[in-house]
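In: Fold the following for me, if possible:
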Amino acid sequence: MRGFLKNTRTKEAMIVVLFFVIGVAFRLWFISLAPQPPYYDQDEYETYAGKIMDHGMLASNSYRTYPYPLLLAVTYTVVGFGNRQAIFFLQAVADSLTGVMVFWVLAHAFRHSRARWIGLLVYALNPFTSGYVGVLLSEILATFFIAATVVAGLLFLRRPTWYRGIIFGFCAGFVAETRNAAFVWAAVPILLTLFWVSWKKYARAYVGVLAGLILTVVYPLYVNWRDFHEINMTTVDSFYAKELYNGAVLRRLPPFTYWYPPDVQEMYHEYYSEFYPGRSTAERRAIANKYYEKAWAIVRSDPWDYMKVRLDKMWYVWQKENVFFYSEPGFEQHRPYTYTLNLTMLLLAAFGLIVSRRGPSDMFRIWTWWVIVGTIIYGTLVFSFSHAEYRLTIPFYPLLFIAAANGAEYILQKTQRLFP
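Out: Down below sits the predicted model:
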């Protein structure tokens with residue numbers, strides 16, 4: 001029996017590796033269909049990476065967080081600056097590993113044999129995250145660490161030790177540092193563990209979680225103090241003032257929007273301290289307060305209209321009409337199919353959450369369920385106050401695929417009973 005189980009596990013491991021390889025190959029082929037223009041935000045990340053390389057791997061940026069540029073800098077140190085194909089390959093590997101983590105979570109949290117294979121297959125061949133493999137943007141890195149946070153959280157629930165706590169805290173904190181938009185999201189999986197793992201009984205484990213979180217903020221704390229004389233865990237230019245203003249001015253941001261209204265262009269022109277060497281902390285606060293006030297003036301001028309736009313964005317931010325961010329050949333022709341495919345996945349995920357909530361009170365399943373629900377609530381509410389680009393929710397898609405796989409498994413199960 002042991003030999004049979006061992007053989008079965010070996011076969012399963014080989015299939016998982018096969019899907020991982022397929023996922024990498026699919027992504028590299030997929031991005032070759034629509035090579036993206038090498039500018040806009042990508043230039044800013046790469047410029048920051050160059051600055052990091054020039055300053056002994058420790059450099060600041062007033063409005064870009066450090067994890068993704070640091071990844072670029074480390075990679076470029078090995079393969080040469082500007083070797084974007086190496087980055088794309090690395091991102092294809094990372095996103096395919098995310099698919100393996102989707103498989104692992106389904107196997108260990110929901111324990112549906114068929115659902116885990118559905119999740120692995122669908123994630124390996126999904127176009128939504130795959131389209132971001134071919135750009136120098138932080139979505140793939142954030143996606144990877146969100147999935148890693150769920151895996152680390154489940155391991156922490158299983159055995160709450162200080163070293164597992166460090167890994168859990170580090171993964172959650174790294175997500176927060178990679179994406180300012182997801183900064184508060186790190187609290188969702190960590191706070192939910194308190195319902196099953198007592199902080200009094202496992203104080204050392206939670207000290208580990210805190211230590212992991214602290215590790216992720218050491219870099220910005222140091223460079224921001226050194227270069228800007230500020231104690232700041234993210235960026236010295238307030239991300240939140242900027243996004244509140246953008247969210248008030250920009251009602252919807254259609255795909256491939258390159259030119260913003262004059263008010264927004266003016267804001268970008270004066271907002272970033274990176275372009276104004278010597279700007280003081282007081283001046284940065286004055287700029288942030290200026291745009292906070294501008295945003296609130298828009299809200300006060302027509303509160304009902306502002307709320308209607310928020311409600312629209314709550315739906316809009318989860319929609320996907322395009323799979324490539326900057327340009328997409330034949331966009332108008334396959335736009336309806338992309339939208340329908342994404343909508344189908346969202347509905348399947350919603351159904352999966354409904355059916356997977358029922359069942360035995362297993363803490364792993366319930367914790368994961370609440371992390372997914374909490375993530376959806378977080379993205380829906382928080383992103384509605386921003387400019388609400390489609391890509392904001394991309395890092396949360398592994399969790400949606402986990403839910404969708406459960407929904408698909410339930411439908412297959414009922415179908416087989418009806419048509420044995």
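
In: Only C-alpha atoms from now on, for both contacts and neighbour counts.
Out: Fine.

In: quick one, longest helix in this protein?
Out: Among the segments of the chain that qualify as a helix by DSSP state H, the longest is helix 2-32.

In: What helices and strands are in contact with that helix?
Out: The criterion is 3 or more Cα pairs under 8 Å, 6 or more residues apart in numbering; DSSP states H and E, and the helices and strands that helix 2-32 contacts are helix 84-105, helix 113-124, helix 127-130.

In: Is residue 213 in contact with residue 169, as I believe?
Out: Yes. Taking Cα atoms under 8 Å as the contact criterion, residue 213 and residue 169 are neighbours in contact, 4.8 Å apart.

In: who's more crowded, the two?
Out: When residue 213 is set against residue 169 and neighbours are counted by other Cα atoms under 10 Å, the residue ahead is residue 169, at 29 against 24.

In: In terms of pLDDT, where does the more buried one sit?
Out: Per-residue confidence (pLDDT) for residue 169: 98.

In: In contact with it, which residues?
Out: For residue 169, the contact set (Cα atoms under 8 Å, 6 or more residues apart in numbering) comprises 190, 208, 209, 210, 211, 212, 213.

In: Mind pulling up the pLDDT for the third one?
Out: Okay, so that is residue 209. Reading off the per-residue confidence, residue 209 sits at a pLDDT of 97.

In: what about the strands in the stretch 201-350 of the chain?
Out: Read by DSSP state E, counting those that start in this stretch, the stretch 201-350 of the chain holds no strands at all.

In: so where's this structure shaky on pLDDT?
Out: Applying pLDDT under 70 to the chain flags the ranges 1-6, 359-360, 420.

In: in stretch 403-420, what counts as buried?
Out: Buried residues in stretch 403-420, counting neighbours by 16 or more other Cα atoms under 10 Å, are found at 403, 404, 405, 406, 407, 408, 409, 410, 411.

In: Could you figure out how far the longest helix of the chain is turned away from helix 113-124?
Out: Taking axes from the mean of the first three to the mean of the last three Cα atoms, to 10 degrees, one finds that helix 2-32 is oriented at 30 degrees with respect to helix 113-124.

In: Next one: the residue lying closest to residue 123 once chain neighbours are set aside from residue 19, what distance?
Out: Nearest in space to residue 123, with sequence neighbours left out and distances taken as Cα to Cα, 6 or more residues apart in numbering, is residue 99 at 5.4 Å. Applying Cα to Cα, to the nearest Å, the value for residue 99 to residue 19 is 9 Å.

In: which residues are common contacts for these two?
Out: Residues within reach of residue 99 and of residue 19 at once, by Cα under 8 Å, 6+ apart, are 120, 124.

In: which one of the two has more residues nearby?
Out: Comparing residue 99 with residue 19 by other Cα under 10 Å, the one with more neighbours is residue 99, at 29 against 22.

In: quick one: that one and residue 124 touch, right?
Out: Yes. The pair residue 99 and residue 124 qualifies as a contact (Cα under 8 Å) at a distance of 5.9 Å.

In: what angle separates the helix or strand that contains residue 50 from helix 84-105?
Out: When secondary structure is defined using DSSP states H and E, the element that contains residue 50 is helix 41-54. The directions of helix 41-54 and helix 84-105 differ by 100 degrees, with the same axes, to 10 degrees as the criterion.

In: Residues in contact with helix 41-54: which ones?
Out: Under the criterion Cα under 8 Å, 6+ apart, residues 58-61, 64, 68-70, 72-74, 77, 81-82, 135-137 lie in contact with helix 41-54.

In: In PyMOL, select just the buried ones from those residues.
Out: Once 16+ other Cα under 10 Å is used to decide burial, the buried members of these can be selected in PyMOL as follows:
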select buried, resi 59+60+61+64+68+69+70+72+73+74+81+135+136+137
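
In: Select from the contacts of helix 41-54 every entry located in helices.
Out: Counting by DSSP H, the part of the contacts of helix 41-54 found in helices is 68, 69, 70, 72, 73, 74, 77.

In: Grab the nearest non-local neighbour of the second one.
Out: If I follow you right, that is residue 69. Residue nearest to residue 69 in three dimensions, not counting chain neighbours: residue 49, with 4.6 Å by Cα to Cα, 6+ apart.

In: so how many other residues sit close to that neighbour?
Out: Counted with other Cα under 10 Å, the burial measure for residue 49 works out to 28 neighbours.

In: go on, the one 5 residues further on?
Out: Residues lying near residue 54 (other Cα under 10 Å) number 12.

In: Likewise for residue 20?
Out: Neighbour count of residue 20, defined by other Cα under 10 Å: 25.

In: From residue 100, how far off is it?
Out: Here residue 20 is placed at a distance of 7 Å from residue 100 (Cα to Cα).

In: and for these two, which residues touch both?
Out: Joint contacts of residue 20 and residue 100 (Cα under 8 Å, 6+ apart) do not exist.

In: Quick one: neighbours of residue 333, just the number.
Out: Tallying neighbours of residue 333 according to other Cα under 10 Å, which is how burial is gauged here, yields 9.

In: show me what contacts it?
Out: Applying Cα under 8 Å, 6+ apart, one finds that residue 333 lies in contact with no residue.

In: One more: residue 403?
Out: Going by Cα under 8 Å, 6+ apart, the list of residues near residue 403 reads 348, 349, 350, 351, 352, 353, 372.

In: Now name the helix or strand holding it.
Out: Under the criterion DSSP H and E, the helix or strand holding residue 403 is helix 397-418.
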